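Colleague: Show me the folded form of this:
(2 chains)
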Amino acid sequence: MFAYILKRLGLAILVALAVSMIAFLLLRLSGDPAIALAGEGARQADIELIRKTYGFDRPLPVQYVEWLGKTVRGDFGESVYFRSPAAPLIFSKLQTTMMLGVFALAFALFISVPLGVAAAVYRNSWIDRLCLALAVVGQALPNFFFALLLIMIFSIWLRWLPVSGSGTWQHFVMPTIALGYYAAPAFMRLIRAGMIEVLEADYIRTARAKGLPATQVIFKHALRNAVVPVVALAAVQLGFLLGGSVVVETIFALDGLGYLAYQSITFKDFPVMQNIVLLLSVTYVVLTLASDIANAWLDPRIRVA
Amino acid sequence: MASSMDVAAVAVEPGGLTTLAAPGLARRVWKNKAVVVGVGLLLLIVILGVFAPFFAPYDPYVQNLENRTVPPFWYDGGSWVHPLGTDPLGRDYLSRLFYGARISLLIGISVAIMSGLIGTTMGMLAGYFGGKTDLVVSFLVTTRLSMPVILVALATVALIGGSLWVVIMVLGLLKWDRFAVVMRSATQQVRSLDYVAAAQAAGASTPRVLLGEVLPNVLPHLIVVATLEAASAILLEAALSFLGLGVQPPLPSWGLMISEAKSYMFFSFWLIALPGAALAVLIFSINLAGDGLRDLLSPEGRA
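Modeller: As a prediction, the model looks like this:
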């Protein structure tokens, strides 16, 4: 177990380093980062000044190492648009996005677990087919369009929820649904497949033969075992949800990391943008590391392989 | 190696090994209603898109400021002159929707081909050679998966400027991960089979074994992943264009049309509902065709 964790940790660190290199090089995509930072119509003297202050005139590896060193120590540079240090700005938005991600994940599980179990228990019946149809139709709706539909229904027609902004729990309802909805079909399929496999196992037959009530067999004996792979998927999905928060937070003007990412991209605020890309990617690396370790702990077969 | 990597590709679990020319394929296709509906809808959209100049009643770019936001025919004030109304610049909505199909289809096909080439090459090499090659490819896939596609795509488009070709290039260079994961495991399954060993023993070169023996036998998986990735690329383009960092006006991208109509949606809901529904039907038909294809090509589907 210890050797496995060590190996996995080593890989995670390597991936994080690779991600940091890509985030660093992203800014160089535009050609000259000094021109990009100075903005359109900047004078040559200003561009030269920026090049000197940011050290763009030095070799790339030197710049990278220095940038990484600063980033690791929590110095994310200065936000060009907000004219304040980038690190406090980014971390102040992190809580909203984390909350949204966890809510969305909880929402996805809340709808996919009952549906997945029902689909497996009543396999090949109309219930199963209805669940599958819901998943296929659900995945076909573009998430930004679904978000606009929610606004029309809950804010304009029913007047139950605020259109946009953040602050109260009501502001989180629609973003949670819009984001979590897309994670649900994958969970549903996984739970359905897992339940079908487990329900055919001998110990389920034994439990049934003992005369235990069906609900107890399904939820206590079967679901518990079918849910193991869901842990791994949950971590991966949470990572994807954090990425998806860019679109959803922007539509609902929910003041989190995703909205800040969108703002930094439209305002060409590169230091902020770069560090959000890095932060979200490293979060994903940490989440998958945690999920792999959790899985190895739950299922000893993985450790050996 | 990384179990989370395999889970990330959970939407496509490689079933078994099959060939496309399975006996009774035509009969099974007809029995599978989902495939018929999916392929039928998809064909309809392809025809409408390809022959848009023929079907579209108007030029999709011509503005008519005296004829702005005319509602579709079923609303009061609508008429058959503009069956689906006009947008806030007076452009015929039906014509724009037809031409928009071209953009979505072009994005889906080009991104699937581009990322398919990259991902399949990586996956097949990793699955065939194993060892260090496998480690390197797995590392690349894990790294790619840890960066949110939408965020990296937005940032890249913002840096180099948005256009149809930039969106295709960026998505094509980003979306190879699932191809690599699925092709890797499919190749691993095929690698040790007798006919591959026979080809190797007969002295066939490695490229020849890979292209002549392995590729035809992992092709079903490749096709299924390609449909899923095409659908996903179309949705991503729509999202990028919706956020203003994808296809640029005046091109009639469906995502861009929703974005342009967003501020009118409270009064003229149909302005966002129509392109939204068009996107949903396209994605639905691709997914249906892909799902059905997977059932048909996996051994269990033959029962």
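Colleague: Please give the element, helix or strand, for B:Leu274.
Modeller: Assigned by DSSP states H and E, B:Leu274 falls within helix B:270-297.
Colleague: Show me what counts as buried in that helix.
Modeller: Judged by neighbour count (16 or more other Cβ atoms under 10 Å in any protein chain shown), helix B:270-297 contains these buried residues: B:270-280, B:282-297. Backbone N, C-alpha and C define where each C-beta goes, glycine included.
Colleague: So which elements touch that helix?
Modeller: With contacts taken as 3 or more Cβ pairs under 8 Å, 6 or more residues apart in numbering or on different chains; DSSP states H and E, helix B:270-297 sits against helix A:126-140, helix A:143-150, helix B:25-31, helix B:33-50, helix B:93-129, helix B:215-242, helix B:254-261.
Colleague: which of those sits most buried?
Modeller: For those, the largest average neighbour count (mean count of other Cβ atoms under 10 Å in any protein chain shown) is found in helix B:254-261, namely a mean of 26.
Colleague: so where is chain B shaky, pLDDT-wise?
Modeller: Scanning chain B with the threshold set as pLDDT under 70 gives B:1-31, B:298-303.
Colleague: What residue in it comes nearest to chain A?
Modeller: B:Pro148 (2.6 Å; Cβ to the nearest Cβ).
Colleague: need the contact list for residue 84.
Modeller: No chain in the question, so chain A it is. A:Glu78 (Cβ atoms under 8 Å, 6 or more residues apart in numbering or on different chains).
Colleague: should've been chain B
Modeller: Neighbour list for B:Leu84: B:Pro72, B:Phe73, B:Asp92, B:Tyr93, B:Leu94, B:Leu97, B:Trp270, B:Leu274 [criterion: Cβ under 8 Å, 6+ apart].
Colleague: Check A:Asp255 too.
Modeller: By Cβ under 8 Å, 6+ apart, A:Asp255 lies in contact with A:Lys93, A:Thr96, A:Gly165, A:Ser166, A:Glu249.
Colleague: of the residues you listed, buried ones?
Modeller: Buried by 16+ other Cβ under 10 Å: A:Lys93, A:Thr96, A:Ser166, A:Glu249, out of the contacts of A:Asp255.
Colleague: Report the inter-axis angle for the strand or helix carrying A:Val247 versus helix B:215-242.
Modeller: Secondary structure assignment for A:Val247, by DSSP H and E: helix A:228-252. Orientation note: helix A:228-252 sits at an angle of 30 degrees relative to helix B:215-242 (axes from the mean of the first three to the mean of the last three Cα atoms, to 10 degrees).
Colleague: Quick check: buried residues in helix A:228-252?
Modeller: Residues of helix A:228-252 classed as buried: A:229-252 (neighbour count, 16+ other Cβ under 10 Å).
Colleague: any low-confidence regions in the stretch 151-300 of chain A?
Modeller: Those would be A:300, if you go by pLDDT under 70 across the stretch 151-300 of chain A.
Colleague: Going by proximity to chain B, name the top residue of chain A.
Modeller: The minimum distance from chain A to chain B, using Cβ to the nearest Cβ, falls at A:Gly243 (2.6 Å).
Colleague: Could you find the closest non-adjacent residue to that residue?
Modeller: Taking Cβ to Cβ, 6 or more residues apart in numbering or on different chains, and ignoring the residues beside it in sequence, A:Gly243 has B:Pro148 as its nearest neighbour in space, at 2.6 Å.
Colleague: who touches that neighbour in this structure?
Modeller: Listed by Cβ under 8 Å, 6+ apart, the contact partners of B:Pro148 are A:Gly239, A:Phe240, A:Leu242, A:Gly243, A:Gly244, A:Val246, A:Val277, A:Leu280, A:Ser281, A:Tyr284.
Colleague: Please list all residues in contact with the nearest residue to the first one once chain neighbours are set aside.
Modeller: Using Cβ to Cβ, 6+ apart and skipping the chain neighbours, the partner closest in space to A:Gly239 is A:Tyr284 (3.6 Å). Contacts for A:Tyr284 (Cβ under 8 Å, 6+ apart) come out as A:Gly239, A:Leu242, B:Leu145, B:Ser146, B:Met147, B:Pro148.
Colleague: host element of the third one?
Modeller: Meaning B:Leu145. helix B:131-146.
Colleague: got the angle between that helix and helix A:228-252?
Modeller: Using the same axes, to 10 degrees, the inter-axis angle of helix B:131-146 relative to helix A:228-252 is 40 degrees.
Colleague: okay, helix B:131-146 in CSV with CA atoms only?
Modeller: The C-alpha trace of helix B:131-146 is given here as CSV (Å, rounded to 0.1, in the frame of the first residue of the first chain):
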residue,chain,number,x,y,z
GLY,B,131,6.6,-0.6,-21.3
LYS,B,132,8.2,2.9,-21.6
THR,B,133,6.0,4.0,-24.5
ASP,B,134,3.0,3.1,-22.5
LEU,B,135,4.3,5.1,-19.5
VAL,B,136,5.0,8.2,-21.6
VAL,B,137,1.5,8.1,-23.3
SER,B,138,-0.3,7.5,-20.0
PHE,B,139,1.6,10.4,-18.6
LEU,B,140,0.6,12.7,-21.5
VAL,B,141,-3.0,11.6,-21.2
THR,B,142,-3.1,12.2,-17.4
THR,B,143,-1.6,15.6,-17.9
ARG,B,144,-4.0,16.5,-20.6
LEU,B,145,-7.0,15.3,-18.5
SER,B,146,-6.0,17.4,-15.6
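Colleague: Mind giving me the packing neighbours of the helix or strand following it?
Modeller: Remark: after helix B:131-146, the chain's next helix or strand is helix B:149-160, criterion DSSP H and E. Helices and strands touching helix B:149-160, by 3+ Cβ pairs under 8 Å, 6+ apart, are helix A:2-26, helix A:228-252, helix A:257-266, helix A:270-298, helix B:164-174, helix B:215-242.
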